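Asker: 3D model of this:
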Amino acid sequence: MSKEAQHGLVGYWGYVWTWAGLLILTAVTIYVAGLKLGKLSVLTAILIASVKAGLVLYIFMHLRYEERIFRIILFVVIVTLTVIIGLTFLDVGFR
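Answerer: Here you go, the predicted model:
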């Protein structure tokens, strides 16, 4: 059995649908940027960007088919980055 068959790589249409989803999320980001959400504007943009990054990691980078240790490492990195960004926002917010 070939390596691709073992991993069950995403087919052509899976990539097309993922790409379309990324385009739709980009359009949503642009639309939301035009709304006057105040302090929620940045949070909304970060949440949409996180979903887009998750799609890229999961589909295009084949994280779905990797071993569990890679998923755990990615989770630790994302939590660390979230804490650092959150502390930065807190610092700026209380100046």
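
Asker: Now for V79, how many residues are close by?
Answerer: Applying other CB atoms under 10 Å, we find 10 other residues in the vicinity of V79. All C-beta atoms are positioned from the backbone trio N, CA, C, and that covers glycine.

Asker: For it, give its distance to A33.
Answerer: Remark: distance between V79 and A33 (CB to CB, to the nearest Å) = 27 Å.

Asker: W13 too?
Answerer: Distance from W13 to A33, by CB to CB: 30 Å.

Asker: between the two, which one's more packed in?
Answerer: In terms of neighbours (other CB under 10 Å), A33 is the more surrounded of W13 and A33; the figures are 12 against 8.

Asker: which other helices and strands contact the one helix or strand that one maps to?
Answerer: Counting by DSSP states H and E, the element that carries A33 is helix 12-34. Helices and strands touching helix 12-34, by 3 or more CB pairs under 8 Å, 6 or more residues apart in numbering; DSSP states H and E, are helix 40-55.

Asker: now the helix it packs on, how far from the chain's geometric center?
Answerer: Going by CA atoms, centre = their mean, to the nearest Å, the spacing between the C-alpha centre of helix 40-55 and its chain's C-alpha centre is 7 Å.
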